[in-house]
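Trainee: heads up, no residue letters with this:
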C-alpha cells in the first residue's frame, strides 16, 4: 500500500537535499518520479528544486488553485509513476494534502512531502498542519541551533540580524532572512 510521508524540519536542515537524493535513488533504478514545488518560491528561478549544497532538478509548480491529483493522474496515465516528491509542502492547501492522500490510496503511488512545520511566529502552516494530521508517516529531519541543541523554530530576521516579530506568514528567503533556533533561543529573540 502506498503511503503519504511528511518529512519536516526547521530551515536549513537539508530537506531539499534529502528529496533530491530520494528522487535520484528512484531514477537510478529506472523508476519514474514526479517532482513538485511551490510556485511562490522563486529564489532559484521558477520550476526548480535547489539545495544549498548545489543539487537541483526541474519540478512542476503548484499554487493554491492547482489540482495536484488531476495532474499526477494524467502523468501517471502516460508514464507510470513510482513516486511523487513535493518540496515546500508547507505551502500546500488542506485540499491539496487530501488530494495527495488520494494519489496514494487510489493511484497506489507513494508521496513524499518535505517542508517546514511552523512559521516565524511558531504557528503551523496550513499545509504542514494538514500533513501532520493526514500523513501515514511523520519524520523529523534534524538540524542544530547555534547552541548545539536541536533547532525546531524559524526566526525571521532583518538585514542587521534582528528578530522580526510581525508580518505576513509567508516571506520567501533563505539564510539571509531566517535562522533555525531551539525553542529557548527563539523565545529569547522574540521577547528581546
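Mentor: Cool, the structure landed. Everything quoted here is computed from the prediction, not taken from an experiment.

Trainee: Centre-most residue in this protein?
Mentor: residue 115 (2.3 Å; CA atoms, centre = their mean).

Trainee: Now do the nearest residue to that residue once chain neighbours are set aside against residue 53, distance only.
Mentor: Excluding its sequence neighbours, the residue lying closest to residue 115 (CB to CB, 6 or more residues apart in numbering) is residue 89, at 3.4 Å. All C-beta atoms are positioned from the backbone trio N, CA, C, and that covers glycine. Noted for residue 89: a distance of 20 Å to residue 53, by CB to CB, to the nearest Å.

Trainee: Who has more neighbours out of the two?
Mentor: Neighbour totals were compared for residue 89 and residue 53, and residue 89 leads with 32 against 9 (other CB atoms under 10 Å).

Trainee: which stretches of the protein form helices?
Mentor: With helices called from DSSP state H, the chain shows them at 15-28, 68-78, 94-107, 126-134, 183-191.

Trainee: what's the distance between residue 80 and residue 30?
Mentor: Distance from residue 80 to residue 30, by CB to CB: 11 Å.

Trainee: Please compute how far stretch 45-59 lies from its chain's middle.
Mentor: 13 Å (CA atoms, centre = their mean, to the nearest Å).

Trainee: Pull up the distance across that stretch, start to finish.
Mentor: Terminal residues of stretch 45-59 are spaced 11 Å apart (CA to CA, to the nearest Å).

Trainee: any idea of the mean pLDDT for it?
Mentor: Averaging pLDDT along stretch 45-59 yields 85.

Trainee: Go ahead and confirm residue 58 touches residue 45.
Mentor: No - between residue 58 and residue 45 there is no contact under CB atoms under 8 Å: 9.9 Å.

Trainee: Give the closest residue to residue 36 in space, chain neighbours not counted.
Mentor: residue 86 is the one closest to residue 36 (CB to CB, 6+ apart), at 4.5 Å.

Trainee: Give me the pLDDT for that neighbour.
Mentor: 98.

Trainee: which residues touch the closest residue in space to residue 34 that isn't next to it in sequence?
Mentor: Once flanking residues are discounted, residue 34 sits nearest to residue 84: 4.9 Å by CB to CB, 6+ apart. Contact analysis of residue 84 by CB atoms under 8 Å, 6 or more residues apart in numbering lists 33, 34, 35, 36, 72, 100, 103, 109, 110, 111, 112.

Trainee: just residue 6 next, same as before
Mentor: By CB under 8 Å, 6+ apart, the neighbours of residue 6 are 89, 113, 115, 128, 131, 132, 135, 137, 138, 139.

Trainee: now do residue 190
Mentor: 121, 155, 163, 165.
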